[in-house]
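Trainee: how would this look folded up:
(one chain, ligands or ions: 1)
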Amino acid sequence: MGGWGSGSYIRCGSRRKVEKSLPLDIRKLHGQGLFSHGGIITSQWSIGGKVYSSLQCRVMENHLLLFYSYNGLEKEQSIDFDWTDCNYGGNRIWFLCPDCGRRCAVIYFRGKSFVCRKCCNLIYESQCQTVIDRKFAKANKLRLKIGIKSGSSSPLPLFKPLNMHQKTWDRIRYEIEHIESRVWAELERRSL
Ligand SMILES: [Zn+2]
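Mentor: Sure thing, here's the model as predicted:
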């Protein structure tokens, strides 16, 4: 069985992305047709065509036993599941997050165990883009405040505008540089 530990995660600030994390979707497990007490289901993960790991699930009465290896160690985790009725008949299966108890269809590997997206503190790619756009907008607003063109390609002037206090100038300049350097670092990391 494959193991975790070598996966590469793209971060937005300090947060990992959903798209780059290892998910376990109970609907897919259920869809394999082996979801009965005692059944054993094998699942494999790949990101961009590369298989990162595989995992075995043993179906118990109201929980799943997960078996996988992490950093060369064999691990076992028990995760409860639950059913809800659908409006149009039938029912739907959910994981119960081991940390917060919330119903969720997908859990993610957090480094030592599987938990829900919220407990994993994961962010979607689109949310990350919004964060970057917002930061650029903030830097541009500050640039306009000191009378220079928006967009970090135009260099910051060396001297403050005549009618501005030195302290204000220093603060704004520092803020612009700080925001833009962090955004560019993030974009660079994402293009690797
Ligand atoms: Zn949770």
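Trainee: Quick check: which ranges of this protein have low pLDDT?
Mentor: 1-15, 17-20, 46-48, 52, 151-153, 190-192 (pLDDT under 70).
Trainee: any idea how far the closest residue to Leu65 other than its chain neighbours lies from Ser78?
Mentor: Closest residue to Leu65 apart from its sequence neighbours, by C-beta to C-beta, 6 or more residues apart in numbering: Arg58 at 4.3 Å. (C-beta placed from N, C-alpha, C; glycine too.) Arg58 sits at a distance of 10 Å from Ser78 (criterion: C-beta to C-beta, to the nearest Å).
Trainee: so what's in contact with these two at the same time?
Mentor: Common contacts of Arg58 and Ser78 (C-beta atoms under 8 Å, 6 or more residues apart in numbering): 64-65.
Trainee: Show me what the helix ranked longest in the chain is packed against.
Mentor: Ranked by residue count under DSSP state H, the longest helix found in the chain is helix 166-191. Under the contact criterion of 3 or more C-beta pairs under 8 Å, 6 or more residues apart in numbering; DSSP states H and E, helix 166-191 touches strand 11-12, helix 125-145.
Trainee: right, and these - which one's nearest Ile41?
Mentor: Each of those has some distance to Ile41 by C-beta to C-beta; the shortest is helix 125-145, at 28.3 Å.
Trainee: Let me see the contact set for Lys138.
Mentor: Lys138 is in contact with Ile179, counting by C-beta under 8 Å, 6+ apart.
Trainee: Spell out which parts of the protein neighbour the ion.
Mentor: Along the chain, the residues adjacent to the ion under the rule C-beta under 5 Å from the ion are 97, 99-100, 116, 119.
Trainee: Out of these, who's the most crowded?
Mentor: Counting neighbours by other C-beta atoms under 10 Å, the top entry in the residues of the chain next to the ion is Cys116, with 22 neighbours.
Trainee: what about the longest strand in this protein?
Mentor: Looking across the chain with DSSP state E, the single longest strand is strand 73-85.
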